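[1] only geometry, no sequence info:
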Ligand SMILES: [Mg+2]
């Protein structure tokens, strides 16, 4: 049984899914996450049920995403959209890291190295400081990052779930989703986005504006937080149950509504 009422699957959906805290429970360190083999299978089924219109939208790098879900290689936005692999496999990168980001990265990495338990993650187009293992450093880190970013007109800071992330303005999950929706096979479909964190709010706003469906997975430590998402689920497990039901129910609908030629291609020979 699903906890809150989520919408019934529609046959022309484009699915966009955040990874950490949405498809996977958050781990103490990003590389500690556990993927059960059922998840890549579920994503593969969902992708086919949506005619290939399923993309992962994450703060992780594409290379990390591919290791996590191997052998599956889905369309994906990495580093909040700084990198994007389109459905045709082409890679789009938003450009070289800007100078302001390089300077801040040096400063904050040096600060982090003197504070045990902080984990500095360089992602090329952005960087992140994780304080899940040393929550006592969270407030100091937040103050410092906020002060440094205030002097930069081209950067912004995102205050996430036990992580502070700094990235260029204009790179966000909403822009990444909009870019996918301008391309096949996403174009013309209703966007559905599930996420859990501050960086997902950009995605929720874009998808809401397009009349799509937005779902926030609650943070078990904080419970419900203010969010632009129109639906909420209490846990990663609840979202996975709903996605499994979507995969079950979308498949026949998509085939029934497909054009005759497409239907023929979709049927086993
Ligand atoms: Mg997340």
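    Structure's in. What do you need? Bear in mind that the values here come from a model prediction, so they are computed numbers and not experimental data. Numbers count the residues shown, from 1 in each chain.
[2] count of residues packed around residue 126?
    Neighbour count of residue 126, defined by other CB atoms under 10 Å: 25. Every residue, glycine included, has its C-beta placed from N, CA and C.
[3] Identify the residues contacting the residue most central in space within the chain.
    The C-alpha lying nearest the average C-alpha coordinate of the chain belongs to residue 18 (CA atoms, centre = their mean; 2.5 Å). Counting by CB atoms under 8 Å, 6 or more residues apart in numbering, residue 18 touches 56, 57, 58, 173, 193, 194, 195, 196, 197, 200, 203.
[4] Inside helices: which ones of those residues?
    Among the contacts of residue 18, the members falling in helices (DSSP state H) are 173, 200, 203.
[5] leaving aside the residues next to it on the chain, what's closest to the second one?
    The one in question is residue 200. Computed as CB to CB, 6 or more residues apart in numbering, the closest residue to residue 200 that is not its neighbour in sequence is residue 18, at 5.5 Å.
[6] distance of that neighbour from the ion?
    4 Å (CB to the ion, to the nearest Å).
[7] same deal with residue 116?
    Counting by CB to the ion - residue 116 and the ion are separated by 25 Å.
[8] Tell me, how many residues neighbour that residue?
    If we define neighbours as other CB under 10 Å, then residue 116 has 9 of them.
[9] can you check residue 134 too?
    Around residue 134 there are 16 residues (other CB under 10 Å).
[10] Contact partners for the closest residue to it other than its chain neighbours?
    What sits nearest to residue 134 in space, not counting adjacent residues and going by CB to CB, 6+ apart, is residue 117, at 2.7 Å. The neighbours of residue 117, taking CB under 8 Å, 6+ apart as the test, are 131, 133, 134, 137.
[11] Where neighbours are concerned, which of the contacts of residue 18 has the most?
    Counting neighbours by other CB under 10 Å, residue 200 leads the contacts of residue 18 with 32 neighbours.
[12] now the residue nearest to residue 161 when sequence neighbours are not counted: how far from the ion?
    Nearest non-adjacent residue to residue 161, counting by CB to CB, 6+ apart: residue 197, 5.2 Å away. According to CB to the ion, residue 197 and the ion sit 4 Å apart.
[13] Just to check, residue 197 is in contact with residue 57?
    No: assessed by CB atoms under 8 Å, residue 197 is found out of contact with residue 57, at 11.4 Å.
[14] closest to residue 215 among the ones in helices among the contacts of residue 18?
    Nearest to residue 215 among these is residue 200, at 9.7 Å by CB to CB.
[15] I figured the closest one hits residue 216, correct?
    Yes: contact criterion CB under 8 Å: residue 200 and residue 216 qualify, at 7.2 Å.
[16] Mutual contacts of those two, please.
    residue 229.
[17] what about the residue in the chain positioned nearest to the ion, how many residues close to it?
    With CB to the ion, the shortest gap between the chain and the ion falls at residue 21, namely 3.8 Å. By the criterion of other CB under 10 Å, residue 21 has 22 neighbours.
[18] got it, and residue 235?
    15.
[19] now the helices: where do they sit in the stretch 151-269 of the chain?
    Ranges of helices in the stretch 151-269 of the chain, per DSSP state H, counting those that start in this stretch, are 173-181, 200-209, 236-257, 260-266.
[20] Adding mean pLDDT and distance to the ion, write the ones you listed out as JSON lines.
    Listed next are those as JSON lines, based on pLDDT from 0 to 100; distance: least, CB to the ion, whole Å:
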{"stretch": "helix 173-181", "mean pLDDT": "97", "distance to the ion": "10"}
{"stretch": "helix 200-209", "mean pLDDT": "97", "distance to the ion": "6"}
{"stretch": "helix 236-257", "mean pLDDT": "79", "distance to the ion": "10"}
{"stretch": "helix 260-266", "mean pLDDT": "44", "distance to the ion": "32"}
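[21] Around the ion, which positions in this protein sit nearby?
    Within reach of the ion by CB under 5 Å from the ion, the chain has these residues: 18, 20, 21, 196, 197.
[22] residues near the second one, how many?
    Here the neighbour count serves as a burial measure; for residue 20 (other CB under 10 Å) it reads 22.
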